[in-house]
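Peer 1: Predicted coordinates and the sequence they were generated for:
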Amino acid sequence: MNSFEIITQILRIAAPYLFAAAGGVIAERSGIISLTLEGYMLGGAFAAVVGTFYTGSPTIGVLCGIGGGMVLALIHAISCIRYRADQVIVGIAINLFAIGITRFFLKLLFGSSSNSPRVAGFASGYANPLLWLGLLATPVVAFLLFRTTFGLRVRATGEKPEAAASVGVSVHRVQYTAVVLSGALAALGGVYLALDQHQFTDQMTAGRGFIAVAAVIFGRWSPLRAGAACLLFAAAETAQIHLQGNHVVASQFIEMIPYVLTIVALAGVVGRAIAPSALGRAET
Amino acid sequence: MKPERREKIEEALFAPLVAILIAFVAGDILMLSFNQSPFVVWRLLLEGSWGNAYGFGQVLYKATTLSFTGMAVAFAYRAGLFNIGGEGQLAAGGLAAALVGFALPVGFPAILAILLGCLGAAAAGGVVGAVPGYLRVRFGAHEVITTIMLNFVVLALLNWFIATKLRVPETLHTPEIHAGAIPRLSAILPAFHGSAANLSVIAVIITAVAMWYYMFRTRGGYELRAVGLQPDAAEYGGISVRRVLFSAMTISGVIAGLGGINFVLGYKYYYEDGFAGGTGFLGIAVALVGRNNPFGILIAALFFATLSQGGLALNAFVPKQMVDVLQGVVIIAIAASVPEVQRILLGARKRLVDKPLSESAAAPTQPPAAAV
């Protein structure tokens, strides 16, 4: 296998992380904790397969997937912003809910408790437009956050909501927009997975949303650094796939890399990770 | 009844009731989407769980682990900490219990073996809990993220250990333990025959009573709650916040780890990879519905266990996956309704207090209304 193929493989593994991490950065920068990425991805993956199955068009599937993620994100946003529910608890609940609702409808629509029938999808590798979108996701979010008025409002809301409100920014509207946008982005990560594999399987996101959370924190809430973290984690996974069989390092230890790095980053051993200051308190 | 006490009870009961009501409506919608009568399906759910000794035994069994993980979450929460690491702590406790069971020779005195097994489970959970506790007090690393990340690390470690060191070939579980098996309830009450319920329920009740006593009747529990309510004030009052946070996280891990005995020592007699299966996460829901009170948690655990067991009974009519949906709905609904209910109750009380005052101002001859 040459280096070009290895890079291709890294990018294919990284694409779902890049989408979800891009979403996670936006939501967290607006002050809403994003433990929900896993749920958005799963919901997006399922909705995309349902949409593709009934229309035969993967493009409509993509739109359905985005819609699915946005609906879950809206539930999260309403609970946290309108009802001031605990963001961590609702986040965990959204993930459980996404697992449940996709299982239920998998049974209802396809009569299976494990996977959907095969659907149309995209060609794999560089022919897949979603791969390119994924590579663009974090730069676009970086542009949005640091070069637009909306981005300025998002950052102000996440750091000093009172100050943002005092200059006439509608804190709640900014947060709703940011969270729903994060749902759409993270969902695309799930859509990518489902249309790449041409089907939905129960819990197919398998913790990828949490790897994206890890990337957001390891990237210290900066979209580009989070994107770099995604690529790093994907490279580790690629290495694991290639090392399999020769027992240099057990695969479980490579699986741990993103999580251990995140803990190390939070503990501040190298480059302390500091969260947006109003993260987690939707009070204003 | 004292007014403050009534207010507390109102606050504690309203939110869970609202949440359960919302879950009922959501369940009705799901059932109707399957063209089934909600009445029939709910009855099936109850019959399959509380309607016979086997079903009830299964409810008790499931509620046992959930109570442990729920109390673990609540213990940390009372100190203002969020322990989302129950999943890893529970699994580590289970493995430790199994290891103790291997280390002991066949024929080791049963009571002693069980106690040693419990001790092993508690210690392992405590170690896993102590790590985020230490990271929090030493480096200020937020425990929500560290516990989530540690779950993945611990589960991968356990998976590696089982897969490379100690499994029965072709499976993902260890061989059976030599000593320390906890007797089944069916050994005492034959009606429970076939169900997994075992005497771990006694450990749950002891833990709940001990937790209640510690929390509300000892100095340590007072300090813990003080830190949870107002860490700055507690520090000013001479409490070492760091020490309290560290020990709260460790003890929280101990409680979650202890939950491992139910599956390993009470049911299967071996450790199996992935046995925690989300029970650690569901503990958050149990603590939330139980309002972080040990006895409330026992009731909440029974509720979630009933859902889970009852789901199996209605599978022929509505997919059992409905239960997964309902769990999510209950948690979202209760998390959203707790602050809302508090606001509504506060508003209602204000109006009740204000009104008699204005009335008595208008008609001074009337005696003021009794205290609300």
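Peer 2: Yep, it's here.
Peer 1: CA atoms of stretch B:180-188 as CSV?
Peer 2: What follows is stretch B:180-188, C-alpha atoms only, in CSV (Å, rounded to 0.1, in the frame of the first residue of the first chain):
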residue,chain,number,x,y,z
GLY,B,180,-18.1,-16.1,46.4
ALA,B,181,-21.3,-16.9,44.5
ILE,B,182,-24.2,-14.9,46.0
PRO,B,183,-27.3,-17.2,46.5
ARG,B,184,-30.3,-16.6,44.3
LEU,B,185,-33.6,-15.5,45.7
SER,B,186,-35.1,-18.7,44.4
ALA,B,187,-33.0,-20.6,46.9
ILE,B,188,-35.2,-19.0,49.6
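Peer 1: what distance separates it from the centre of its chain?
Peer 2: Averaging C-alpha positions (Cα atoms, centre = their mean, to the nearest Å) puts stretch B:180-188 23 Å from its chain's average.
Peer 1: Over it, what's the mean pLDDT, rounded is fine.
Peer 2: Along stretch B:180-188, the predicted local confidence has a mean pLDDT of 87.
Peer 1: Pull out the buried residues from it.
Peer 2: By neighbour count with 16 or more other Cβ atoms under 10 Å in any protein chain shown, stretch B:180-188 contains the buried residues B:Gly180, B:Ala181, B:Ile182, B:Arg184, B:Leu185, B:Ser186. Quick note: C-beta positions are derived from backbone N, CA and C, even for glycine.
Peer 1: Quick one: find the helix or strand in chain B with the lowest mean pLDDT.
Peer 2: Ranked by mean pLDDT, DSSP states H and E, the weakest helix or strand in chain B is helix B:322-362, scoring a mean of 76.
Peer 1: Are that helix and chain A in contact anywhere?
Peer 2: Yes. With Cβ under 8 Å from any Cβ of the partner chain as the threshold, helix B:322-362 lies in contact with chain A, specifically through B:322-329, B:331-332, B:335-340.
Peer 1: Give me the neighbour count for residue 58.
Peer 2: With no chain named, the answer covers chain A. 24 (other Cβ atoms under 10 Å in any protein chain shown).
Peer 1: To clarify, I was referring to chain B.
Peer 2: Applying other Cβ under 10 Å, we find 24 residues neighbouring B:Gln58.
Peer 1: show me what contacts it?
Peer 2: The neighbourhood of B:Gln58, defined by Cβ atoms under 8 Å, 6 or more residues apart in numbering or on different chains, consists of B:Ser49, B:Ser195, B:Ala196, B:Ala197, B:Ala305, B:Gln309.
Peer 1: cutoff 6 Å now
Peer 2: Contacts for B:Gln58 (Cβ atoms under 6 Å, 6 or more residues apart in numbering or on different chains) come out as B:Ser195, B:Gln309.
Peer 1: again with B:Thr174
Peer 2: Applying Cβ under 6 Å, 6+ apart as the definition, the contact partners of B:Thr174 turn out to be B:Ala98, B:Leu166, B:Tyr270, B:Tyr271.
Peer 1: of the residues you listed, closest to A:Phe105?
Peer 2: Of all these, the one with the least separation from A:Phe105 (Cβ to Cβ) is B:Tyr271, at 34.3 Å.
Peer 1: is it true that the closest one touches B:Val264?
Peer 2: Yes. In terms of Cβ atoms under 6 Å, B:Tyr271 counts as a neighbour of B:Val264; the distance is 5.3 Å.
Peer 1: who's more crowded, those two?
Peer 2: Of the pair B:Tyr271 and B:Val264, B:Val264 is the one with more neighbours under other Cβ under 10 Å, namely 33 against 30.
Peer 1: how about the residues of the stretch 1-150 of chain A that lie near chain B?
Peer 2: Listed as neighbours of chain B in the stretch 1-150 of chain A under the rule Cβ under 6 Å from any Cβ of the partner chain: A:79, A:83-86, A:88-90, A:92-93, A:96-97, A:99-101, A:103-104, A:107.
Peer 1: on that earlier part again, go through the buried residues of stretch B:180-188 and name the one nearest chain A.
Peer 2: Proximity of those to chain A was ranked by Cβ to the nearest Cβ; the top entry is B:Gly180 with 27.3 Å.
Peer 1: ok, the closest one - contacts?
Peer 2: Under the criterion of Cβ under 6 Å, 6+ apart, the neighbours of B:Gly180 are B:Gly101, B:Ala113, B:Ile114, B:Gly117, B:Leu265.
Peer 1: Among the residues you listed, name the ones in helices.
Peer 2: Judged by DSSP state H, the contacts of B:Gly180 include B:Gly101, B:Ala113, B:Ile114, B:Gly117 as members of helices.
Peer 1: what sits against the last one?
Peer 2: The contact partners of B:Gly117, taken as Cβ under 6 Å, 6+ apart, are B:Ala97, B:Val100, B:Gly101, B:Gly180, B:Leu265.
Peer 1: I'd say the third one and B:Ile177 touch.
Peer 2: Pointing back at B:Gly101 there. Yes. Contact criterion Cβ under 6 Å: B:Gly101 and B:Ile177 qualify, at 2.7 Å.
Peer 1: Looking at those two now, which is surrounded by more residues?
Peer 2: Here B:Gly101 and B:Ile177 are compared on neighbour count by other Cβ under 10 Å; more neighbours surround B:Gly101, at 28 against 24.
Peer 1: what about the spatially most central residue of chain B, distance to chain A?
Peer 2: Geometric centre of chain B, nearest residue: B:Gly70, 1.4 Å, by Cα atoms, centre = their mean. Taking Cβ to the nearest Cβ, to the nearest Å as the measure, B:Gly70 and chain A are separated by 13 Å.
Peer 1: To what extent is A:Ser222 buried, counted in neighbours?
Peer 2: A:Ser222: 18 surrounding residues under other Cβ under 10 Å.
Peer 1: how about it, phi and psi?
Peer 2: The phi and psi values for A:Ser222, taken as degrees, to the nearest 10, are phi -100, psi 130.
Peer 1: State the distance from it to chain B.
Peer 2: Computed with Cβ to the nearest Cβ, the distance linking A:Ser222 and chain B is 17 Å.
Peer 1: Just the buried positions in stretch B:2-15, please.
Peer 2: Going by neighbour count (16+ other Cβ under 10 Å), the buried part of stretch B:2-15 is B:Ala12, B:Phe14, B:Ala15.
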